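Asker: I would like the atomic coordinates for the input below:
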Amino acid sequence: MIQFKLEGEFIPLIQLLKATGLVGTGGDAQAAVMDGLVKCNGEVEFRKRYKVRVGDIITFEQDKIEVI
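Answerer: Next up is the predicted model:
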């Protein structure tokens, strides 16, 4: 599990995927979200601008990100 320390109130979902290195580009991140490959707290998330906050668990393929 990847732990990501949030610096502000939230981070947009596609930026989080890029910041953790799970995708190479913003376009890759957008495609992954639109294709339903990303889950937030166990639910498929289709909003690429979803505001990820402390305590959220993001799942992409076999990787999990815990936002702390």
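
Asker: packing partners for the helix ranked longest in the chain?
Answerer: Looking across the chain with DSSP state H, the single longest helix is helix 26-34. Contact analysis of helix 26-34 by 3 or more C-beta pairs under 8 Å, 6 or more residues apart in numbering; DSSP states H and E lists helix 13-19 as its packing neighbours. Every residue, glycine included, has its C-beta placed from N, CA and C.

Asker: how far out from the middle of the chain is stretch 25-33?
Answerer: Put simply, stretch 25-33 sits 10 Å off its chain's centre (C-alpha atoms, centre = their mean, to the nearest Å).

Asker: now that stretch: buried residues?
Answerer: Across stretch 25-33, burial judged by 16 or more other C-beta atoms under 10 Å covers 29-30, 32-33.

Asker: that older thread, and the longest helix of the chain, average pLDDT?
Answerer: When pLDDT is averaged over helix 26-34, the result is 96.

Asker: using CSV, write out every CA atom in that helix.
Answerer: Taking Å, rounded to 0.1, in the frame of the first residue of the first chain, the C-alpha atoms of helix 26-34 are listed here in CSV:
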residue,chain,number,x,y,z
GLY,A,26,-2.7,13.1,-17.0
GLY,A,27,-4.3,11.6,-20.1
ASP,A,28,-3.5,8.1,-18.8
ALA,A,29,-5.1,9.1,-15.5
GLN,A,30,-8.2,10.4,-17.1
ALA,A,31,-8.6,7.3,-19.3
ALA,A,32,-8.2,5.0,-16.2
VAL,A,33,-10.9,6.9,-14.3
MET,A,34,-13.3,7.1,-17.3
